[in-house]
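Provided below for reference: sequence and predicted model.
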Amino acid sequence: MSEAAVKKAPSWEDLTEALHHCTRCALYQKATQVVCGEGSHTSPVIFVGEQPGDQEDLAGRPFVGPAGQVFDEVMASIGWPREEIYLTNAVKHFKFWLKGERRIHQTPAPEEVDCCRYWLRQEWRLLKPRLTIALGGTAVLALTGKKQTLGSLRGKILTLGKAAAPFIVTYHPSYILRQASEEGRQRAYQAMQQDLTIARNFLA
Ligand code: URA
């Protein structure tokens, strides 16, 4: 399945197949495997994270490691089951550097985000979501083409592109994990709960 064919006759199966042959940037060379988006193909919402982490790279599934656990917890706390949503990443291969045997996460470069936007567009076209949710700065960059700080964007319904597609920005779950204090973690957790409640109410 060539990329041109995906553009012309997209189906979820074609997309998955094409993603497994992706060589659009160099990240595929070191990663174990591509990590496709997953979830409901009738979801009215697409959640966009950054890139797979160590555990996602090994499992071949998004958000199954520590950040995924936090994500699931926040979603459960507001009564939004993961089975009802579609969840993907801005970049589909794990980028890391080696510290001894440990693979340490590296933020994808803007050029890698640009390369992978091709796939995000295919997912978006197939799903036709009523709402797009960016989890963190890399997702914002992938969706808007601009590097922006989250502070002023979070927690309100924005619009994306010429189509003015509804869009909401919240923290990446690993931002909660990175907080140095319990108080900081609580604050970030509650902010994410609030943002996602706004998103859920928008869809209600
Ligand atoms: N962080 C992400 O952005 N995505 C994943 O799939 C896992 C961790």
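On my side now, so go ahead. Residues are numbered from 1 along each chain as shown.

Touching, residue 197 and residue 78? I think so.
Yes - if you go by C-beta atoms under 8 Å, residue 197 and residue 78 touch, sitting 5.4 Å apart. C-betas here are computed from N, CA, C, even on glycine.

overlap in contacts of these two?
When contacts are counted by C-beta atoms under 8 Å, 6 or more residues apart in numbering, the set common to residue 197 and residue 78 is empty.

Between the two ends of stretch 76-90, how far is it?
Between the opening and closing residues of stretch 76-90 there is a gap of 23 Å (C-alpha to C-alpha, to the nearest Å).

Kindly apply the preceding question to stretch 13-26 instead.
Length of stretch 13-26, first residue to last, C-alpha to C-alpha: 24 Å.

quick one: average pLDDT of it?
For stretch 13-26, the mean per-residue pLDDT is 96.

how distant is it from the center of its chain?
17 Å (C-alpha atoms, centre = their mean, to the nearest Å).

for stretch 100-117, same thing?
Relative to where its chain is centred, stretch 100-117 has its mean C-alpha point 13 Å off (C-alpha atoms, centre = their mean).

list the buried ones in that stretch?
Burial within stretch 100-117, assessed by neighbour count using 16 or more other C-beta atoms under 10 Å, is assigned to 103, 105, 108, 112, 113, 115, 116, 117.

Narrow those residues to those in helices?
112, 113, 115, 116, 117 (DSSP state H).

Tell me how far the first one lies from the ligand.
Using C-beta to the nearest ligand atom, to the nearest Å, residue 112 is found at 13 Å from the ligand.

contacting residues for that residue?
Shown in contact with residue 112 (C-beta under 8 Å, 6+ apart): 25, 27, 91, 95.

What is the neighbour count of the first one?
Taking other C-beta atoms under 10 Å as the neighbour definition, residue 25 ends up with a count of 19.

Contacts only, for it.
Counting by C-beta under 8 Å, 6+ apart, residue 25 makes contact with 93, 111, 112, 115, 116.

And these, which two are furthest apart?
Checked with C-beta to C-beta, the contacts of residue 25 reach their widest spread between 93 and 111, with 13.5 Å between them.

Return the residues of the protein in contact with the ligand.
Counting by C-beta under 6 Å from any ligand atom, the residues of the chain close to the ligand are 49, 50, 51, 52, 53, 56, 62, 63, 65, 67, 68, 89.

now with 5 Å?
Taking C-beta under 5 Å from any ligand atom as the measure of proximity, the chain contacts the ligand at 49, 50, 52, 53, 56, 62, 63, 67, 89.

Spatially nearest residue to the fifth one (excluding sequence neighbours)?
Nearest in space to residue 56, with sequence neighbours left out and distances taken as C-beta to C-beta, 6 or more residues apart in numbering, is residue 35 at 5.2 Å.

So for that neighbour, what's the pLDDT?
You'll see residue 35 listed with a pLDDT of 98.

Around it, how many other residues sit close by?
Neighbours of residue 35 using other C-beta under 10 Å come to 27.

so what's it up against?
Remark: with contacts taken as C-beta under 8 Å, 6+ apart, residue 35 is in contact with 52, 56, 57, 60, 61, 62, 89, 92, 93, 94.
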